[in-house]
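Peer 1: how would this look folded up:
(chains A and B)
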Amino acid sequence: MKLLVCVSKTPDTTTKIVFNASKTELDANGVQYIMNPYDEWYALVRALELKEALGGTVTLINVGPADNDQVIRKGLAIGADDAVRIDLNPQSALSVAFQIAEYARQENYDIILLGKETIDYNGSEIGAMIAEYLDQPFISYASKLDTSDGKTASIQRDIEGGMEELEVDTPFVVSAAKGLAEQRIPNMKGIMMAKSKSLKVVAPAAFEDKAVTVQYTLPPAKSAVKMIAPDNMEELVKLLHEEAKVI
Amino acid sequence: MVLVFAESQKGNFKKTAFEAVTYGYKTAQVLGTECVALALGSANNAADLGLYGASKVLHVADAALDQFDGQVYAKVIAEVSQQVGAKVIVLSHTSTGKAIHGRLAARLDAGSVAGVNSIPTVDGGFKVKKGVFSGKAIAEYAINSDVKILSVMGNSLQPAIVGSPAAIEAANVAVPASRVKVKSVSRIEGIVPLPEAELVVSAGRGMKGPENWGIVEDLANTLGATTACSRPVADVHWRPHHEHVGQTGIAIRPNLYIAIGISGAIQHFAGVNNSKTIVVINKDPEAPFFKAADYGVVGDLFEVVPQLTEAVKKFKAAQG
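Peer 2: Numbers count the residues shown, from 1 in each chain, chains lettered A, B, ... in the order given. As a prediction, the model looks like this:
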């Protein structure tokens, strides 16, 4: 199978968020960047498992500047065969999807996988956008994906308060939720091999952004916690009713 | 015009749809235009969408739409929006909305913001905000395309009744064939799903074992709340995975989140930080969760939780 996994670079959840002076960009100094966990733990690993079972190739794709190579190399160390980086600092989800679709269009992948969302912006938009550009089905929030012939896939997807089971033929785009696979830690051999794997840098296609970030602000500071004595739960209930007005 | 795709479950429109229409109505007021709702497939109580501000409801009744496929839905919504000349399309930021949102943006070459939590402003161009970086910041976006696509984060505004039942008008759109075969849809019956829950009682490792969950369930039942759990508890199968809230589990934004025996790791907090009110019950006064809490109780949860349940019962009885 010919598989493409879209990987994104995100600040680690524990990172302290600081912006530049004009509040238009994240201040990258001191930010710990990681591969978006849904891309790494679930989409990439399931792609590798499909390749191991049915043969084929797993290619990584990322839209971003050269700083992203470190994260891409990690994906290669985990086991992807090669990688492509579209050399663009993207300003919107639509531009990321457009660039990926432009590249994927020429390559005819059987399945394009990505995480259900990135942990920084949680937009959950890119998969649907790529699918629309390529006129393919898109299955979001997959927690199971099986195919015995590489042509028809059975997928289970999470929906609010339940799940849906469906079948779809390749080619399609799928986004990965928890359960699709188990995280793999790259081993020394993988890390060594990753250094010699191909990471192709491709110039972006022309695209005009339609939604751009104007400014970041910090949320209002939370007022200090009110402590309630453990033997006075009536007081807590009263506060929840009268002050917080939530019950 | 603002067009709101109102999603339903088996033709029943509920809070999710009412929130989206309320958002669309308020957006239409800002733009000085009208808000129209769109219903696809079965639509039992579509007229109710008028209560929340839809001036009318457009309805594509084709039974093929009772099976959800984002590709089909996006084509139908895009075509209706072009027929009526919609400038803003509003969806809910749900599993359904997310499968459509990006497609509409690509199909209509439209700027989009997913998961907005406030009404757009139009001074100096169309701008709208959402929470980013696990709630640690708010990002404001400018959209400069003619058509704009927004999906509304659940529980970010209260549905408000502003009108009367709406007239329903058939929309004439050809429904393309789906390339996805849905085999089954199963939902856990009888509980409010976590993403929609207004009250959530959640517990973690402090419970010491799955056999102790009775006190958590008692409190949840008494409050009418949905139960949830932290990741370690789901990972060791004390509780089912669909209860896991946090960064890798489900992100929720209830009015009230009660965290019992959960220390509050940043990854857990990332999934619950949009809760309006957070109560933390923990025996460890140093638990990091207290810093994010509105109300804190330091004590033995095996004593505190049953007492809280009793206090809620008394309160409910007094309320009648």
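Peer 1: Just the helices from the stretch 51-200 of chain B, written as ranges.
Peer 2: B:70-84, B:95-108 (DSSP state H, counting those that start in this stretch).
Peer 1: what sits against A:Ala101?
Peer 2: Residues in contact with A:Ala101 (C-beta atoms under 8 Å, 6 or more residues apart in numbering or on different chains) are A:129-130, A:133-134. Where C-beta positions appear, they are placed from N, C-alpha and C, glycine not excepted.
Peer 1: Just the ones in strands from these, please.
Peer 2: Using DSSP state E, no member of the contacts of A:Ala101 falls in strands.
Peer 1: Out of those residues, flag the one nearest to chain B.
Peer 2: Distances from chain B to those, taken as C-beta to the nearest C-beta, are shortest for A:Met129 (3.9 Å).
Peer 1: That closest one touches B:Gly102, doesn't it?
Peer 2: Yes: counting by C-beta atoms under 8 Å, B:Gly102 is a contact partner of A:Met129 at 3.9 Å.
Peer 1: Tell me how many other residues surround the nearest residue to A:Pro137 once chain neighbours are set aside.
Peer 2: Nearest non-adjacent residue to A:Pro137, counting by C-beta to C-beta, 6 or more residues apart in numbering or on different chains: A:Phe172, 4.4 Å away. Residues within reach of A:Phe172, counting by other C-beta atoms under 10 Å in any protein chain shown, total 22.
Peer 1: can you pull the pLDDT of A:Phe172?
Peer 2: Looking at A:Phe172, its pLDDT is 98.
Peer 1: contacting residues for it?
Peer 2: Per C-beta under 8 Å, 6+ apart, neighbours of A:Phe172: A:111-112, A:131, A:136-139, A:153.
Peer 1: Now the phi/psi pair for it, please.
Peer 2: phi -150, psi 170 (degrees, to the nearest 10).
Peer 1: now stretch B:87-101: how far from the chain's centre is it?
Peer 2: 11 Å (C-alpha atoms, centre = their mean, to the nearest Å).
Peer 1: er, stretch B:83-97 I mean
Peer 2: 15 Å.
Peer 1: Identify each buried residue in it, please.
Peer 2: B:86-97 (16 or more other C-beta atoms under 10 Å in any protein chain shown).
Peer 1: Also stretch A:235-247?
Peer 2: Buried residues in stretch A:235-247 (16+ other C-beta under 10 Å): A:236-237, A:239-240, A:244, A:246-247.
Peer 1: Please name the bridge partners of the most centrally placed residue in chain A.
Peer 2: Nearest to the mean C-alpha position of chain A, by C-alpha atoms, centre = their mean, lies A:Gly115 at 3.7 Å. Going by DSSP bridges, A:Gly115 is paired in beta bridges with A:Ala176.
Peer 1: Quick check, pLDDT for it.
Peer 2: Reading off the model, A:Gly115 has pLDDT 97.
Peer 1: what do you get for A:Thr14?
Peer 2: pLDDT, read off for A:Thr14, is 86.
Peer 1: what do you get for B:Val90?
Peer 2: pLDDT, B:Val90: 98.
Peer 1: average pLDDT across the longest helix seen in chain A?
Peer 2: In chain A, taking DSSP state H as the definition, the longest helix is helix A:93-107. Throughout helix A:93-107, pLDDT has a mean value of 98.
Peer 1: May I see the buried residues of that helix?
Peer 2: A:93-104.
Peer 1: And it, how far out from the chain middle?
Peer 2: 15 Å.
Peer 1: which other helices and strands contact the longest helix belonging to chain B?
Peer 2: Longest helix in chain B by number of residues, with DSSP H as the criterion: helix B:301-319. With contacts defined as 3 or more C-beta pairs under 8 Å, 6 or more residues apart in numbering or on different chains; DSSP states H and E, helix B:301-319 has these neighbours: helix A:233-242, helix B:214-223, strand B:277-282.
Peer 1: Show the end-to-end separation of stretch A:79-92, please.
Peer 2: 29 Å (C-alpha to C-alpha, to the nearest Å).
Peer 1: Pull up the gap between B:Glu243 and chain A, please.
Peer 2: 11 Å (C-beta to the nearest C-beta, to the nearest Å).
Peer 1: residues contacting the closest residue to that residue other than its chain neighbours?
Peer 2: Distances taken as C-beta to C-beta, 6+ apart place B:Cys229 nearest to B:Glu243, at 4.6 Å, with adjacent residues excluded. Going by C-beta under 8 Å, 6+ apart, B:Cys229 touches B:202-204, B:238-239, B:243-245.
Peer 1: Need the max-distance pair from those residues.
Peer 2: Across these, no pair lies farther apart than B:Trp238 and B:Val245, at 14.3 Å, counting by C-beta to C-beta.
Peer 1: Great, nothing more from me.
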